[in-house]
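# Here's my sequence, what's the structure:
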Amino acid sequence: MERLDEALKLLGIERAQQAHQQHVLLMAIQGFAMAVCDEELELACEEKMSQIRAAFAANTKA
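Coordinates of the predicted model:
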């Protein structure tokens, strides 16, 4: 997860104002991880996307 967090920071994830924008960036990184057979990075992306989906769901219920 540390590599993913570093990559997201370098790519400017904080500028992504909407959850959808963050999700799109994570899907792109996950696609690359799949292409190069980096299972650790692929799973880290999936975990981070799950966190975003959960946070979005919690915010829409409020």
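
# What is the burial count for residue 29?
Applying other CB atoms under 10 Å, we find 22 residues neighbouring residue 29. Placement of C-beta: from N, CA and C, glycine included.

# next structured bit after the helix or strand harbouring it?
Following DSSP states H and E, one finds residue 29 within helix 19-35. Where DSSP H and E defines the elements, the next helix or strand beyond helix 19-35 is helix 39-61.

# got the angle for that following helix vs helix 19-35?
Here helix 39-61 runs at an angle of 160 degrees relative to helix 19-35 (axes from the mean of the first three to the mean of the last three CA atoms, to 10 degrees).

# what residue lies at the spatial centre of the chain?
residue 26 (3.4 Å; CA atoms, centre = their mean).

# gap between that one and residue 61?
Distance of residue 26 to residue 61, given as CB to CB, to the nearest Å: 22 Å.

# repeat for residue 5
Taking CB to CB, one finds residue 5 at 27 Å from residue 61.

# Settle it for me: which of the two has more neighbours?
Remark: of residue 5 and residue 61, residue 5 carries more neighbours, 12 against 6, as counted by other CB under 10 Å.

# Check that one and give its pLDDT.
pLDDT for residue 5: 96.

# One more: the one 10 residues further on?
pLDDT, the model's per-residue confidence, is 95 for residue 15.
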